[in-house]
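**Student:** kindly return the folded structure for what I paste below:
(chains A and B)
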Amino acid sequence: MEEKQIVIKELWKIFGKDPKRVLKNDNLGLTKTELKEKTGCVVGLKNINLEINKGEFYILMGLSGSGKSTLLRNIIRLVKPTSGDIVINNKNITKMTNDEILEFRKDTFGMVFQHYGLLPHLTVIDNVAFGLKIKGLSKEERYSKALEVIKTVGLSGWEYNYPGNLSGGMQQRVGIARALANDPDILLMDEPFSGLDPLIKREMQDELVELQDRLKKTIIFVTHDLHEALKLGDRIAILKDGEIVQIGKPEEIVTNPEDSYVKEFVKDASPAKVLTAGCVMEQPDVLIYSWEGPRTALTMLRSSNRKIAFVVNKHKEFLGVVNESALLKIIDNEPSATNIPKEIIKPRAFVHLDTLLEDMFHIMAKEPLPIAVIDENNKFKGKITTDILFENIIPLGGHNE
Amino acid sequence: MSNFPNSFSIPLDKWIDGIMEWLLINLEVFFDFIGFVILNVIVTFENLFLFIPWFIFIPLVGFLGWKFVGKKSIAITFMLMLLLIGSFGYWELSMKTLSLVITSVFFSLLIGIPHGVLMARSDKLESIMKPILDGMQTMPSFVYLIPALMFFGMGKVPAMFATIIYAIPPVIRLTNIGIRTVDKEVIEAALAYGASSKQVLFDVQIPLAKPSIMVGINQTTMMALSMVVIGSMIGAKGLGMEVLLAINRIEVGKGFEAGISIVILAIIIDRITFSFSKKR
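**Tutor:** The predicted model follows:
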């Protein structure tokens, strides 16, 4: 069971005068526009329930006005929820006093903003050390920690420049460094890359993934960009009008959109960028265990009408493939052989469970025959053929119509 | 023709007169105390400026001009202009005027910046303060010059009081605007890192509002200087008094000399204080 870092229960946020009254009567079933007409209040978030695991890369996605940024700000209580509970590290932050929440923020969160939110009158290093200064660390401690994270984000040499002299991508690196300097449990990122040009954006995304691999922070990432969401997210929550429409892994969202809103969202998504070997692989018709005799193997091969078969050892570790002619040769030469000799097992291309279809194209182009799928322990899990690959890369929009 | 009905009249004049009378009787000690404080600050500045000899003061201003405005030619111009004042025979009076202006700016900032900060933090206070500030700027200054005279007697103190009322609105307004226009995301960022509202104010809002506040200080200074002639009418000695005397004696040339001296002080103060608003 994975450790829950954030649990949100029945969270509501209503903007307007005396918002609590809106929740008291039977308004709860109304839509955003109906509620606005009836009460004059705007629904920011509507009955949000979600759980985020420790170390998870969690995406909040939706169009503008869907409440994704509001939800993010509720989690750090920059916006105070109208009702409901937000439990972070087993502490209910909705019940904290203002002083408690200030203390809680210092140790728990690092936040990255769309327009960077840097202080223009401070140098890069002072910006990075800002959170540490608020925490009350000495200048020496602040600077040594700040230099470390500046190096992490690749900004060494720019410490004493002002943010105004840096490009957008570099400014956002300062923003990320500032968030990391506190060594927070949770990183909150509010559309951090949407202001950057496409090339820089991709580069920053790749670096963020790498960083996440290394640091294992819990990241909550707000975006309206589906490709970004699919690329980065472990799980994605899609919001519409303040409500969660669907929560799922990227491949679930793409292959199984819950309603027309999500469907519209994922219409242009290329499955090759989302689906992994693990979700499209098939079980092979024949699987040969290396301790079986050549004759058994041959019989199995022939009965299923195949020319080659995958071979695994007794731990189900993938060894390679054998073909009919090699088996026949062994049977002729060494009739007494009780298992398949290593020499005739040929190595074969394989992919991992989490390999994206996109990354398989060049392998499949060279190997017309099925390739093996293995897990991180080298265990054989299934096979992928060119047919399977082609079936799965048709964009979803076209597929459904 | 329809005349405004005579029966409908609000006797505001009587009320204000009543209030004045009451204040004069009951708060005499209080006004004496305020007068004492203001007078001491003026005298301190006056002593300081009169203590510095002209041959040190002029290069000092030149240095400030070079350091802050950033051009050697400007520094030299400043020094020549001050020499001109000296050649008119107005050195001592200029120093008195300068100390009066600096004292009124000192009090204006002391009162004005905190008010601007408070105003920026409350929409309600802003809506109350705005018409008051409008009133302070547009009310003919003689209207409050007379009550000031009644409270503090003749001399520098009531002149100072009137100057503060006239000169304080820009610094309040521009502090308010400066703080209100600080990027919301930057404030959010500070809050997200656990900054208290005090830390947000001193580490984020005031530094980012600094250029705007500096423009406010500049404006306040200029307005204070423009009050010196009016201040001299109730006994504040200085260049203003000289202008007034020259007018009374119909000495056009003298009037211009004193007037030009005021303009020179204004230009130098303006260029130096304005340069602060452009610095990072």
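
**Student:** who's in contact with residue 204?
**Tutor:** Because you didn't say which chain, this covers chain A. By CB atoms under 8 Å, 6 or more residues apart in numbering or on different chains, the contact set of residue A:204 is A:169, A:172, A:173, A:192, A:193, A:196. No exception for glycine: its C-beta is placed from N, CA and C like everyone else's.

**Student:** could you do chain B instead?
**Tutor:** Residue B:204 neighbours (CB under 8 Å, 6+ apart): A:119, B:182, B:186, B:187, B:190, B:195.

**Student:** repeat that for 7 Å
**Tutor:** Each residue near residue B:204 by CB atoms under 7 Å, 6 or more residues apart in numbering or on different chains is listed here: A:119, B:182, B:186, B:187, B:190.

**Student:** nearest residue to the middle of chain A?
**Tutor:** Geometric centre of chain A, nearest residue: residue A:233, 1.8 Å, by CA atoms, centre = their mean.

**Student:** ramachandran angles for the closest residue to that one other than its chain neighbours?
**Tutor:** The shortest distance from residue A:233 to any non-neighbouring residue, by CB to CB, 6 or more residues apart in numbering or on different chains, is to residue A:59 (3.7 Å). The phi/psi pair for residue A:59 (degrees, to the nearest 10) reads phi -110, psi 130.

**Student:** mind listing what's buried in stretch A:301-308?
**Tutor:** A:301, A:306, A:308 (16 or more other CB atoms under 10 Å in any protein chain shown).

**Student:** show me where the stretch 151-280 of chain B has its helices.
**Tutor:** Using DSSP state H, counting those that start in this stretch, the helices found in the stretch 151-280 of chain B span residues B:156-180, B:184-192, B:197-199, B:206-226, B:228-232, B:239-248, B:252-278.

**Student:** tell me which of these sits nearest to residue A:23.
**Tutor:** Closest to residue A:23 of those is helix B:184-192 (CB to CB; 25.9 Å).

**Student:** and that closest one, what's buried?
**Tutor:** For helix B:184-192, a neighbour-count test (16+ other CB under 10 Å) marks B:185, B:186, B:187, B:188, B:189, B:190, B:191, B:192 as buried.

**Student:** check stretch A:348-361 too.
**Tutor:** Along stretch A:348-361, these residues count as buried under the neighbour rule (16+ other CB under 10 Å): A:348, A:350, A:351, A:353, A:355, A:356, A:357, A:360.

**Student:** now the second one. Nearest residue, chain neighbours left out?
**Tutor:** In other words, residue A:350. Excluding its sequence neighbours, the residue lying closest to residue A:350 (CB to CB, 6+ apart) is residue A:372, at 4.2 Å.

**Student:** pretty sure the one you found sits in a helix.
**Tutor:** No: Residue A:372: not assigned to a helix; according to DSSP: H, G, I helix; E, B strand; the rest coil it is strand.

**Student:** residues contacting it?
**Tutor:** A:310, A:318, A:348, A:350, A:380, A:383.

**Student:** OK, contacts around the second one?
**Tutor:** When contacts are counted by CB under 7 Å, 6+ apart, residue A:318 touches A:310, A:312, A:350, A:372, A:374, A:378, A:380.

**Student:** ok, residue A:284 next?
**Tutor:** A:310, A:382, A:383.

**Student:** ok, these vs chain B, which is closest?
**Tutor:** residue A:382 (45.2 Å; CB to the nearest CB).

**Student:** tell me the spacing between the residue of the stretch 1-150 of chain B at minimum distance from chain A and residue B:202.
**Tutor:** The minimum distance from the stretch 1-150 of chain B to chain A, using CB to the nearest CB, falls at residue B:123 (14.7 Å). The gap separating residue B:123 from residue B:202 is 22 Å, by CB to CB, to the nearest Å.

**Student:** likewise residue B:16?
**Tutor:** On the measure of CB to CB, residue B:16 and residue B:202 end up 40 Å apart.

**Student:** repeat that for residue B:90.
**Tutor:** For residue B:90, the distance to residue B:202 - CB to CB - is 42 Å.

**Student:** more crowded one of these two?
**Tutor:** Higher neighbour count among residue B:90 and residue B:202: residue B:90, with 24 against 12, using other CB atoms under 10 Å in any protein chain shown.

**Student:** who touches the residue nearest to that one when sequence neighbours are not counted in this structure?
**Tutor:** With sequence-adjacent residues excluded and distances taken as CB to CB, 6+ apart, residue B:90 is closest to residue B:261, at 4.9 Å. Listed by CB under 7 Å, 6+ apart, the contact partners of residue B:261 are B:85, B:88, B:90, B:94, B:239.

**Student:** same thing but at 6 Å, please
**Tutor:** B:85, B:90, B:94, B:239 (CB atoms under 6 Å, 6 or more residues apart in numbering or on different chains).

**Student:** with residue B:115 instead?
**Tutor:** For residue B:115, the contacting residues are residue B:172, by CB under 6 Å, 6+ apart.

**Student:** check which helix or strand covers it.
**Tutor:** Using DSSP states H and E, residue B:115 maps to helix B:91-121.

**Student:** got the angle between that helix and helix B:156-180?
**Tutor:** Between helix B:91-121 and helix B:156-180, the angle comes out at 40 degrees (axes from the mean of the first three to the mean of the last three CA atoms, to 10 degrees).

**Student:** tell me the average confidence for helix B:91-121?
**Tutor:** In this model, helix B:91-121 has an average pLDDT of 93.

**Student:** between the following helix or strand past it and helix B:206-226, what angle do the directions make?
**Tutor:** Per DSSP H and E, helix B:91-121 leads on to helix B:123-138 as the next helix or strand towards the C-terminus. Counting by the same axes, to 10 degrees, helix B:123-138 lies at 20 degrees to helix B:206-226.

**Student:** and the contacts of helix B:123-138?
**Tutor:** Residues outside helix B:123-138 that contact it (CB under 6 Å, 6+ apart) are B:118, B:119, B:165, B:169.

**Student:** among the residues you listed, which one has the most neighbours?
**Tutor:** residue B:169 (26 neighbours).
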